[in-house]
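**Q** Please find the sequence and the predicted model below.
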Amino acid sequence: MRDNIDGHHLLIGLMAYPIRHSLSPQMQNISYSKLNIPYVYLAFEVDQEKLPDAIKGLRALGLRGSAVSMPNKQLVCQYLDKLTPAVEISGACNTISNDNGVLTGYNTDGIGYMRMLKEANVDVIGKKITIMGAGGAATAIVVQAALDGVKEIAIFNQKDECYKKIKAIAKKLNKDTQCKVHITDLDDKKQLRKEIAESVVICNATGVGMKPLENQSLITDPTMLRADLVVTDCIYSPRKTKLLEIAEQQGCKILNGIGMMLWQGAAQIKIWTGEEAPIEYIKEKMGFKDQ
Ligand code: NAD
């Protein structure tokens with residue numbers, strides 16, 4: 001692929017720290033090669049201190065755009081010219097598009113989750129869902145789901161900083177969208193059971209189920225899960241979390257975090273290049289087939 005890079009290629013960055021472990025450069029560059037389009041994607045170690053200069057550099061060098069990850073997702077918003085409604089509400093951006101010098105901030109995590117459901121023929125529009133978690137992933141999903149037309153979202157989280165933050169976001173969504181959003185303490189298992197019974201989809205958007213909390217699940221009583229419930233987990237390592245194991249045994253349809261990850265990247269490809277991502281090819285090349 002490097003043999004083909006010429007003076008017409010456009011650069012797309014990834015600004016985060018730490019970032020060397022990221023799968024995004026591989027996913028993006030595989031896609032550009034397959035689509036035969038003149039883009040190159042590189043990861044840059046950018047922390048909060050370096051971020052203002054990195055954005056100036058993006059403008060000066062005319063990068064086509066950049067992905068943004070921790071710890072920069074909130075901070076970056078103040079350096080951009082325009083924000084999508086999802087970024088306005090959540091205060092978090094993971095994608096910058098540079099359109100002739102105008103920088104627009106997007107958040108594709110929630111878009112990726114919703115697309116993952118759609119691709120799996122799971123319809124949540126006009127229906128109720130339950131989400132465990134209130135951090136970055138949960139917030140992106142809640143905001144996008146509300147904007148897309150989900151009728152009601154029940155959020156459960158432990159009483160930490162995230163709880164307070166998502167409460168403020170829920171207030172905005174209740175005011176600005178048709179969606180009814182409410183948050184409950186994760187310890188209230190009786191309420192969790194009730195909300196799940198009324199939901200078509202549940203989502204684990206906490207770190208419970210991955211290292212160092214592997215083999216743990218926020219739901220341990222299988223009777224909380226009925227067979228026609230769709231159970232999703234944002235975690236993709238391990239591929240099948242304890243929650244998904246329990247759900248599978250109950251006969252539920254299960255979806256892990258690979259789909260969300262791939263479709264959020266696909267949304268970025270669409271924003272930067274206008275092209276549909278070659279998703280099946282990406283899965284094959286990255287070893288995600290049938291996962
Ligand atoms: P975060 O740090 O912003 O939020 C963590 C969340 O987990 C918070 O709601 C916190 O209250 C909760 N939590 C942490 N420890 C807990 C415990 N012991 N019991 C109950 N709740 C607990 O993290 P994030 O960025 O929102 O990521 C959450 C998960 O989603 C991670 O597993 C991450 O790998 C995954 N994720 C996946 C994708 C994807 O594309 N598939 C994208 C982003 C995040």
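**A** That came through fine. Residues are numbered from 1 along each chain as shown.

**Q** so which strand or helix has the residue nearest in space to the middle of the chain?
**A** For the chain, the residue sitting closest to the mean C-alpha position, by Cα atoms, centre = their mean, is Asp109 at 2.2 Å. Of the helices and strands defined by DSSP states H and E, Asp109 is found in helix 108-119.

**Q** Can you name the next helix or strand after that helix?
**A** Criterion used, DSSP H and E; the element after helix 108-119 is strand 128-132.

**Q** could you give me the average pLDDT of that next one?
**A** The predicted model gives strand 128-132 an average pLDDT of 98.

**Q** Report whether that strand contacts the ligand.
**A** No. Applying Cβ under 6 Å from any ligand atom, one finds strand 128-132 separated from the ligand by no less than 7.2 Å. Where you see a C-beta, it was placed from the backbone N, CA and C, and this is true even at glycine.

**Q** Now tell me what touches that strand from outside.
**A** 138, 141-142, 145, 150-157, 186, 192, 195-196, 198-206, 208, 218 (Cβ atoms under 8 Å, 6 or more residues apart in numbering).

**Q** What segments of the stretch 151-291 of the chain are helices?
**A** Here the stretch 151-291 of the chain has its helices, by DSSP state H, counting those that start in this stretch, at 161-176, 189-197, 242-249, 257-273, 279-286.

**Q** Next, the distance between the ends of stretch 217-234.
**A** Using Cα to Cα, to the nearest Å, the end-to-end distance of stretch 217-234 comes to 13 Å.

**Q** can it be found next to the ligand?
**A** Yes. Contact of stretch 217-234 with the ligand (Cβ under 6 Å from any ligand atom) involves Cys234.

**Q** list the buried ones in that stretch?
**A** 217-219, 224-225, 229-234 (16 or more other Cβ atoms under 10 Å).

**Q** which residues touch the closest residue to the ligand within the stretch 1-150 of the chain?
**A** Nearest residue of the stretch 1-150 of the chain to the ligand: Gly135, at 1.9 Å (Cβ to the nearest ligand atom). Listed by Cβ under 8 Å, 6+ apart, the contact set of Gly135 reads 162, 205-206.

**Q** Would you map the strands across the stretch 1-150 of the chain?
**A** Here the stretch 1-150 of the chain has its strands, by DSSP state E, counting those that start in this stretch, at 10-16, 39-45, 65-68, 82-83, 95-99, 102-106, 128-132.

**Q** will you turn these into CSV that also has mean neighbour count and distance to Tyr113?
**A** Converted to CSV, those look like this (neighbours: other Cβ atoms under 10 Å; distance: least, Cβ to Cβ, whole Å):
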stretch, mean neighbour count, distance to Tyr113
strand 10-16, 22, 20
strand 39-45, 18, 22
strand 65-68, 27, 17
strand 82-83, 16, 19
strand 95-99, 21, 15
strand 102-106, 19, 14
strand 128-132, 24, 10
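
**Q** neighbours around Ile125, how many?
**A** Counted with other Cβ atoms under 10 Å, the neighbours of Ile125 add up to 12.
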